[in-house]
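Pasting the sequence and the predicted model now:
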Amino acid sequence: MPIEFTHVPGKPANGSFFYDFAETATKLSLIEDAGFRKLVVDDPAGLLANMDIAAQTLDRTGSLEVVLTHWAGVIEPTVAARQLASLDRRGGGRLSLRMLSEPLEDSDAEARPGGHGVVWQRIDEYLVLLKRLWSNDRPFDHEGAFYSVRSGFVPRKGPHGADLVIRLGGQSGTSLKVAGKHADVFELAAGSPDEVRQLMERARSAAAEHGRGGRLRFALPVRIHPDGWTGASDHKAVEIVGPPARLALALLPYAALGVEEFMIGGIDRLGEIARIGRETIALIANSLARRETEVPQPGAFASHPFAQRCAS
């Protein structure tokens, strides 16, 4: 089972990981060499800045995939569809779209006018329009609850067309319904192995309603404390104290559940990036490769003492 690692840049005091792109280019090269497959672009400057940063990142890397953070309601779907198709072409198919419930987290959406359900209804309509614009061979009109489109058409489609990878998350029933309909990658909330397993089951069930249960891949966020090499979530009880090798051992139970991607945040310094690649990424890859050649034993990952600590 191949495991992918995604680098999630932090938001330092100067406001952006991408503040000095000459310096960033050095980090991007190291991130790529360290074994990270993807990079999340989620800059404090907002959506339009994200698109510009994504373009520069695609230009300055050869294999790194860009996970572009995006929100419905900021720009019109026809404009977004053209810009995203252009970025997809520019990167030779190395773009995926990470849809958030507006600039707020899913749990905060209740505070928005119209409430949580309205936010996700708009995301649903927005994604339907993007996919239609990426695949139609003639202009179309659309009149919906949130968007009105006249003669919608994107003449130059991206390499993925309507199959551009869509990433969604959430824990509410409403968000899971939209994710089940559209998500190729589901970004899990950090938690114990049992909590993560339960959310995976809910997400698969939602996707199965659209005949997509077998298509869904899972990504898990992992936060590393830069000083103590501590893996922790913002709101859950997962905590791994120790060097990167120990972090690798603690992540193996999640890989056994079917998590195929770890989104690593909290490591922005060059030495930290190199160390994670040299120790954590390499150890997990080697451990999984060895296990694929062995006869699997039920509960083998979960019986590991670090796994038990994570679940406690």
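Looks like it came in fine.

If we go by neighbour counts, what in the strand ranked longest in the chain is buried?
Counting by DSSP state E, the longest strand found in the chain is strand 217-225. Neighbour-count burial for strand 217-225 flags 218, 219, 220, 221, 222, 223, 224 (criterion: 16 or more other Cβ atoms under 10 Å). In this view, the C-beta of every residue, glycine as well, is placed from N, C-alpha and C.

Check pLDDT for these and point me to the minimum.
When these are compared by pLDDT, residue 224 scores lowest at 79.

Tell me if residue 281 really is in a strand.
No. Going by DSSP: H, G, I helix; E, B strand; the rest coil, the assignment for residue 281 is helix, not a strand.

OK, contacts around it?
By Cβ atoms under 8 Å, 6 or more residues apart in numbering, the contact set of residue 281 is 5, 34, 35, 36, 248.

Make a markdown table from the buried residues of strand 217-225 and add distance to residue 159 to it.
Converted to a markdown table, the buried residues of strand 217-225 look like this (distance: Cβ to Cβ, whole Å):
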| residue | distance to residue 159 |
| --- | --- |
| 218 | 24 |
| 219 | 22 |
| 220 | 27 |
| 221 | 28 |
| 222 | 30 |
| 223 | 33 |
| 224 | 33 |
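
and the residue lying closest to residue 209 once chain neighbours are set aside, what is it in contact with?
Excluding the flanking residues, the one nearest residue 209 by Cβ to Cβ, 6 or more residues apart in numbering is residue 180, at 5.9 Å. Applying Cβ under 8 Å, 6+ apart to residue 180 gives the contacts 203, 205, 206, 207, 208, 209, 210, 212.

repeat for residue 139
Residue 139 makes contacts with 151, 152, 153, as judged by Cβ under 8 Å, 6+ apart.

redo that, cut-off 10 Å
For residue 139, the contacting residues are 133, 149, 150, 151, 152, 153, 154, 155, by Cβ atoms under 10 Å, 6 or more residues apart in numbering.

Ok, residue 141 next?
Residue 141 neighbours (Cβ under 10 Å, 6+ apart): 148, 149, 150, 151, 152.

which among the residues you listed end up buried?
With burial judged by 16+ other Cβ under 10 Å, the buried subset of those is 149, 152.

any idea which of the contacts of residue 141 is closest to residue 76?
residue 149 (8.2 Å; Cβ to Cβ).

Touching, the closest one and residue 130? I think so.
No. Counting by Cβ atoms under 10 Å, residue 149 stays clear of residue 130, with 11.0 Å between them.

shared neighbours of those two, which are they?
77, 78, 81.

Quick check: which ranges of this protein have low pLDDT?
For the chain, the stretches with pLDDT under 70 are 1, 12-15, 102-114, 225-236, 238-242, 244, 294-312.

so where do the helices sit in the protein?
21-33, 47-60, 77-90, 115-135, 173-182, 193-208, 244-257, 270-275, 282-292, 305-311 (DSSP state H).

could you measure residue 181 against residue 25, distance?
38 Å (Cβ to Cβ, to the nearest Å).

Of the contacts of residue 180 - the most surrounded one?
In terms of neighbours by other Cβ atoms under 10 Å, the contacts of residue 180 top out with residue 203 at 25 neighbours.

That one against residue 172, yeah?
No. With contact defined as Cβ under 10 Å, residue 203 does not reach residue 172; the gap is 11.8 Å.

give me phi/psi at residue 10?
Main-chain torsions, residue 10, degrees, to the nearest 10: phi -80, psi -180.

tell me the contacts of it?
16, 17, 223, 226, 265, 266, 267, 268, 269.

Which among the residues you listed count as buried?
Buried, going by 16+ other Cβ under 10 Å: 16, 17, 223, 265, 266, 267, 268, out of the contacts of residue 10.
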